[in-house]
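[1] The following comprises the amino acid sequence and a computationally predicted model.
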Amino acid sequence: MVDIDSRLGRLTAKVAGSPQFAAVAPKIVPRVDRLLNRLTGGRFVLSAALLPSIVLTTTGAKSGLQRQTPLATMPDGGAFYVVGSNFGREKHPAWTANLLAYPDATVTFRGRSVPVHAHLLEEDEKAAVWPRLTAMWPTYDRYVERSGRNLRVFRLEPR
């Protein structure tokens, strides 16, 4: 993993927070991560070179189909925090709507699948964990500014 306080880490965070990255990354990063996840049996995604990462499998809110989404995460004991940043774009990512409709999901982390139940954090819960999330990935604050959204934060608890 790249140390976020290193020169490379700061550069990566700066690039990841740019509008240009937000325009391109959603089309490329998830596809590459899903491919690497499949090829390595869930042991590796490209995003894991920067941050702890999971592949979240949800049930589509509209389609009812299984959807896989690679996400940065902040592990917390056996649980996981995930932020619906959508690379700072103006709309909430689809996976957040999926979790709101069907909170039971599966997380693949380091090659292990874990059934989870999603809890959307209330504002006070989010305020308590936000400093830890932004310490891990300071770009979340830039995503809030650029998107104008209140980013959804979920705690994924093992079932």
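    Arrived safely, thanks for sending.
[2] Quick one: list the elements packing against the longest strand along the chain.
    Using DSSP state E to assign secondary structure, the strand with the most residues in the chain is strand 112-120. When contacts are defined as 3 or more C-beta pairs under 8 Å, 6 or more residues apart in numbering; DSSP states H and E, strand 112-120 sits against helix 94-101, strand 104-109, strand 153-158. The way it works is simple: take the backbone N, C-alpha and C, and place the C-beta from them, glycine included.
[3] what about the ones you listed, which gets the closest to Leu51?
    Of all the helices and strands packed on strand 112-120, strand 104-109 sits nearest to Leu51, with 12.3 Å by C-beta to C-beta.
[4] Which strands or helices does that closest one pack on?
    Strand 104-109 is packed against strand 53-59, strand 112-120, with contacts defined by 3+ C-beta pairs under 8 Å, 6+ apart.
[5] what's Met74 in contact with, if anything?
    52, 80-81, 129, 132-133, 136 (C-beta atoms under 8 Å, 6 or more residues apart in numbering).
[6] Kindly recompute the last result at 6 Å.
    81, 133, 136 (C-beta atoms under 6 Å, 6 or more residues apart in numbering).
[7] Next, find the distance separating the first one from Leu35.
    From Tyr81 over to Leu35 the distance is 25 Å, taken as C-beta to C-beta, to the nearest Å.
[8] Who has more neighbours out of the two?
    Neighbours per residue (other C-beta atoms under 10 Å) separate Tyr81 from Leu35, with Tyr81 holding more: 21 against 13.
[9] ok, back up a step: using CSV, lay out the helices and strands packed on strand 104-109 together with mean neighbour count, distance to Thr40 and mean pLDDT.
    Below are the helices and strands packed on strand 104-109 laid out as CSV (neighbours: other C-beta atoms under 10 Å; distance: least, C-beta to C-beta, whole Å; pLDDT from 0 to 100):
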stretch, mean neighbour count, distance to Thr40, mean pLDDT
strand 53-59, 22, 11, 94
strand 112-120, 16, 13, 97
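[10] Reformat those strands as TSV; add distance to Gly41.
    As requested, these are exported to TSV (distance: least, C-beta to C-beta, whole Å):
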stretch	distance to Gly41
strand 53-59	11
strand 112-120	10
